[in-house]
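S.K.: quick one, what's the 3D model for this:
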Amino acid sequence: MVGWVKAHRPVLSMVAVQVFIAGMLLLSKVVLDNGMFVFAFLTYRHLVAAVFVSPFAYFLESGEQIQGKPRLMLSINPQAQQ
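M.R.: A predicted model of the protein is given here:
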């Protein structure tokens, strides 16, 4: 059983993401149909996402720094040149 799960992990991950997205769409429809202000809903959704993603970003990326050159950073963000 464990070997089957390891072999099909990408497919199971894609299915889990699709189920999560479908749940979010249904929840969004119900909440907005009940009269919630769209911008308030978007704000809450982004705040909840930030709370759930921040620990992963902190622990998985701690100790790793991106080694970049100033020219590379300016090419990524052309507005920074002005």
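S.K.: C-alpha from now on. contacts and neighbour counts both.
M.R.: Will do.
S.K.: helices of the chain, start to end?
M.R.: For the chain, the helices defined by DSSP state H occupy 2-7, 9-33, 38-61, 70-76.
S.K.: okay, these in CSV with mean pLDDT and mean neighbour count next?
M.R.: Listed next are the helices of the chain as CSV, based on pLDDT from 0 to 100; neighbours: other C-alpha atoms under 10 Å:
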stretch, mean pLDDT, mean neighbour count
helix 2-7, 85, 9
helix 9-33, 94, 12
helix 38-61, 90, 11
helix 70-76, 64, 10
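S.K.: check contacts around residue 32.
M.R.: Contact partners of residue 32, counting by C-alpha atoms under 8 Å, 6 or more residues apart in numbering, are residue 38.
S.K.: again with residue 41
M.R.: For residue 41, no contacting residues are found, by C-alpha under 8 Å, 6+ apart.
S.K.: how far out from the middle of the chain is stretch 42-57?
M.R.: How far stretch 42-57 lies from its chain's middle: 8 Å, per C-alpha atoms, centre = their mean, to the nearest Å.
S.K.: CA atoms of it as CSV?
M.R.: Coordinates of each C-alpha in stretch 42-57 appear next as CSV, following Å, rounded to 0.1, in the frame of the first residue of the first chain:
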residue,chain,number,x,y,z
LEU,A,42,-11.0,38.8,-0.8
THR,A,43,-9.2,40.4,2.2
TYR,A,44,-10.2,37.6,4.5
ARG,A,45,-9.2,35.0,2.0
HIS,A,46,-5.7,36.5,1.5
LEU,A,47,-5.2,36.9,5.3
VAL,A,48,-6.1,33.2,5.9
ALA,A,49,-3.8,32.1,3.1
ALA,A,50,-1.0,34.2,4.5
VAL,A,51,-1.5,32.7,8.0
PHE,A,52,-1.4,29.2,6.6
VAL,A,53,1.5,29.7,4.2
SER,A,54,3.8,31.8,6.4
PRO,A,55,5.0,28.9,8.7
PHE,A,56,5.9,26.8,5.7
ALA,A,57,7.8,29.7,4.2
